[in-house]
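Colleague: sequence unknown, structure follows:
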């Protein structure tokens with residue numbers, strides 16, 4: 001992991017877990033792998049406190065452990081797992097749009113608690129829902145609980161929630177070892193015994209965990225996790241659908257969405273092919289069937305759209321065979337390559353101008369060119385072309401290959417060929433995106449600390465007003481409380497909220513770019529060899 005990635009990961013850990021966990025994670029980065037005793041000694045912190053923090057981080061998969069050659073337990077920091085916490089808002093909002101509020105609340109609880117039992121997460125979501133909506137009727141509570149349970153089952157069925165591996169029984173191992181075999185995700189039948197749901201909701205986390213130790217409510221020692229790979233797959237599908245929507249129209253996007261849904265169903269049932277570069281094939285007959293049912297589109301129109309999508313320069317759709325009216329698949333590696341090339345082109349247009357973009361596209365199309373050839377193909381004067389070329393070269397957007405006629409590499413007898421290395425450019429853009437995200441987190445933290453007193457005062461006043469309103473107080477009394485904060489303070493508060501909203505919007509947009517770039521590297525784990533026609537992918 002790069003220094004930038006580690007720096008961003010530590011900022012995310014600090015934001016989500018606090019300063020002491022950040023110090024521990026930073027120490028683990030420096031030492032790479034380190035035991036508990038030495039962490040406590042080096043940081044001069046209480047060993048029990050560090051043990052508790054490591055437990056929390058382990059539950060959230062932020063760190064991992066293993067035995068060293070001397071059979072001493074050592075911990076390692078998982079940088080990418082910490083960076084993935086930036087996707088919390090995106091994941092929750094996506095689930096809310098597709099599956100509803102209860103499902104989104106379940107995902108939120110997983111991010112808060114890490115691995116957790118089904119019964120506990122249902123009660124946490126139910127408790128929050130009851131408090132927000134002031135529900136007291138037991139029949140209504142039971143109905144809500146049933147809906148939350150169905151939402152949980154739906155998330156399991158669609159692969160967003162998976163069963164955590166069970167602890168393996170081993171007398172020889174000195175550390176906890178988990179079964180590697182994937183179990184069937186059977187939903188346990190919850191039984192709360194003589195205690196009513198309403199009484200259970202009054203218990204705090206510690207009291208409930210004590211009950212879980214002593215009694216079995218149908219899911220004792222059965223833990224569940226979020227399936228990060230399923231979310232990755234969901235982001236990938238969203239990028240593909242949005243790309244087709246922008247390039248063609250909504251009907252084409254609906255068609256690709258159906259194709260992805262049908263192929264994803266097959267991928268999920270065949271775990272060996274979950275990370276396949278190419279989706280499983282879907283026949284034209286199946287696509288026509290679902291387009292007719294969901295979007296009232298006739299078969300002739302579907303065939304025309306399939307032809308248009310297939311012939312599009314983005315190469316999203318590939319025809320694999322002629323059976324079933326034509327079998328189609330999506331090459332995700334190629335699609336993500338084209339999406340990222342468009343991203344690079346957008347960056348070049350904004351940073352260097354339209355002429356530089358023309359030069360870039362010429363080089364991408366011809367793979368390798370000399371400066372004189374670039375001037376001719378792009379139809380840009382020699383002086384301007386040279387300035388733009390070397391400007392992009394200095395920033396790492398272009399590379400140069402030297403082909404010498406002689407062994408002495410004399411400039412007069414050497415060809416200098418410009419080329420585009422998409423892989424290296426995207427590495428640079430991803431590193432810049434991580435730096436920008438780190439700057440945004442620092443800026444938001446600074447603004448919050450600077451206005452801490454004002455924020456706390458405003459929250460206190462809002463709490464008093466809410467209490468008075470619930471007691472049926474007169475408007476004059478409420479207005480008097482509102483005067484506790486001055487107009488200047490209100491302006492400062494509005495300015496703070498405006499700045500934070502802008503920062504959060506920038507974070508959301510940047511996180512989307514990071515997700516796209518990370519997906520590219522997920523499918524392009526091995527860097528491509530130079531001069532193999534990258535622009536032709």
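Modeller: Structure received. The structure displayed is predicted, hence computed values, not measured ones.

Colleague: going by C-alpha atoms from here, please, whenever you check contacts or count neighbours.
Modeller: OK.

Colleague: pretty sure residue 371 is touching residue 384, no?
Modeller: No: the pair residue 371 / residue 384 is not scored as a contact, 11.5 Å apart, by Cα atoms under 8 Å.

Colleague: settle it for me: which of these two has more neighbours?
Modeller: Ranked by neighbour count (other Cα atoms under 10 Å), residue 371 and residue 384 place residue 371 first, with 16 against 12.

Colleague: ok, the more buried one - contacts?
Modeller: Neighbouring residues of residue 371 by Cα atoms under 8 Å, 6 or more residues apart in numbering: 386, 416-418.

Colleague: mind checking how far the residue nearest the centre of the chain is from residue 365?
Modeller: When Cα atoms, centre = their mean is applied to the chain, the residue found nearest the centroid is residue 87 (3.7 Å). Using Cα to Cα, to the nearest Å, residue 87 is found at 35 Å from residue 365.

Colleague: again, but for residue 115
Modeller: For residue 115, the distance to residue 365 equals 49 Å [Cα to Cα].

Colleague: tell me which of those two has more neighbours.
Modeller: The residue with more neighbours, out of residue 115 and residue 365, is residue 115; 21 against 16, by other Cα under 10 Å.

Colleague: ok, residues contacting the helix or strand in which residue 383 is found?
Modeller: If you go by DSSP states H and E, residue 383 is part of helix 382-394. For helix 382-394, contacts defined as Cα under 8 Å, 6+ apart pick out 352, 355-356, 359, 371-372, 374-375, 398-399.

Colleague: now the stretch 251-400 of the chain, which segments are flagged as low pLDDT?
Modeller: Scanning the stretch 251-400 of the chain for pLDDT under 70 picks out 265-276.

Colleague: mind listing the strands for it?
Modeller: 282-283, 317-321, 327-330, 368-369, 399-404 (DSSP state E, counting those that start in this stretch).

Colleague: so which of those strands gets nearest residue 512?
Modeller: For the strands of the stretch 251-400 of the chain, proximity to residue 512 was assessed by Cα to Cα; strand 327-330 is nearest, at 21.4 Å.

Colleague: give me the contact list for the closest one.
Modeller: Applying Cα under 8 Å, 6+ apart, the set of residues contacting strand 327-330 from outside is 278-284, 316-321.

Colleague: 6 Å instead?
Modeller: Residues outside strand 327-330 that contact it (Cα atoms under 6 Å, 6 or more residues apart in numbering) are 278-279, 281-283, 316-321.

Colleague: relative to residue 153, which of the residues you listed is nearest.
Modeller: The nearest member of those to residue 153, counting by Cα to Cα, is residue 279 at 25.8 Å.

Colleague: ok, the closest one to residue 444 distance?
Modeller: From residue 279 across to residue 444, the span is 41 Å (Cα to Cα).

Colleague: relative to residue 147, how far out is the residue lying closest to residue 151 once chain neighbours are set aside?
Modeller: Nearest non-adjacent residue to residue 151, counting by Cα to Cα, 6 or more residues apart in numbering: residue 103, 5.4 Å away. Distance of residue 103 to residue 147, computed by Cα to Cα: 10 Å.

Colleague: the two: who's more crowded?
Modeller: Regarding residue 103 and residue 147, a neighbour count based on other Cα under 10 Å identifies residue 103 as having more, with 25 against 16.

Colleague: return the helix or strand in the protein with minimum mean pLDDT.
Modeller: Lowest mean confidence among the helices and strands of the chain (mean pLDDT, DSSP states H and E): helix 205-214, at a mean of 62.

Colleague: can you give the contact residues for the next helix or strand after that one?
Modeller: For helix 205-214, the succeeding helix or strand toward the C-terminus, using DSSP H and E, is strand 223-226. Outside strand 223-226, the residues that touch it by Cα under 6 Å, 6+ apart are 115-117, 160-164.

Colleague: let's see which of those residues end up in strands.
Modeller: 116-117, 161-163 (DSSP state E).

Colleague: between those, which is closest to residue 340?
Modeller: Comparing those against residue 340 with Cα to Cα places residue 161 closest, at 29.4 Å.

Colleague: and the closest one, how far from residue 481?
Modeller: For residue 161 relative to residue 481 (Cα to Cα), the value is 46 Å.

Colleague: same deal with residue 16?
Modeller: 34 Å.

Colleague: can you check residue 82 too?
Modeller: Distance from residue 82 to residue 481, counting by Cα to Cα: 43 Å.

Colleague: with neighbour numbers in mind, choose between those two.
Modeller: Here residue 82 and residue 481 are compared on neighbour count by other Cα under 10 Å; more neighbours surround residue 82, at 23 against 15.

Colleague: name the SS class of the more buried one, please.
Modeller: helix (DSSP: H, G, I helix; E, B strand; the rest coil).

Colleague: these two touch, right, it and residue 7?
Modeller: No: under the criterion of Cα atoms under 6 Å, residue 82 makes no contact with residue 7, lying 10.7 Å away.

Colleague: would you map the helices across the stretch 351-500 of the chain?
Modeller: In the stretch 351-500 of the chain, the helices defined using DSSP state H, counting those that start in this stretch lie at 354-366, 371-378, 382-394, 422-450, 452-470, 475-482, 487-523.

Colleague: now those as CSV including distance to residue 43?
Modeller: Converted to CSV, those look like this (distance: least, Cα to Cα, whole Å):
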stretch, distance to residue 43
helix 354-366, 51
helix 371-378, 57
helix 382-394, 42
helix 422-450, 24
helix 452-470, 29
helix 475-482, 47
helix 487-523, 32
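
Colleague: list the contacts of residue 368.
Modeller: Contacts of residue 368 (Cα under 6 Å, 6+ apart): 417-419.

Colleague: excluding sequence neighbours, find me the nearest residue to it.
Modeller: Closest to residue 368 by Cα to Cα, 6+ apart is residue 419, at 4.9 Å.

Colleague: wait, isn't that neighbour in contact with residue 397?
Modeller: No: under the criterion of Cα under 6 Å, residue 419 makes no contact with residue 397, lying 9.2 Å away.

Colleague: give me the more crowded residue out of these two.
Modeller: Using other Cα under 10 Å as the criterion, residue 419 and residue 397 rank with residue 419 on top: 27 against 22.

Colleague: wait, what's in contact with the more buried one?
Modeller: For residue 419, the contact set (Cα under 6 Å, 6+ apart) comprises 367-368, 398-399.

Colleague: measure it to residue 340 for me?
Modeller: Separation of residue 419 from residue 340 (Cα to Cα): 17 Å.

Colleague: what's the answer for residue 109, then?
Modeller: 33 Å.

Colleague: and what of residue 456?
Modeller: In terms of Cα to Cα, residue 456 sits 43 Å off from residue 340.

Colleague: quick check: buried residues in stretch 364-376?
Modeller: Residues of stretch 364-376 classed as buried: 364-365, 367-369, 371, 374-375 (neighbour count, 16 or more other Cα atoms under 10 Å).

Colleague: and of those residues, the nearest to residue 288?
Modeller: Checking these against residue 288 with Cα to Cα, the nearest one is residue 365 at 35.6 Å.

Colleague: and the closest one, how far from residue 371?
Modeller: Going from residue 365 to residue 371 by Cα to Cα gives 15 Å.

Colleague: do the same with residue 73
Modeller: Computed as Cα to Cα, the residue 73 to residue 371 distance reads 58 Å.
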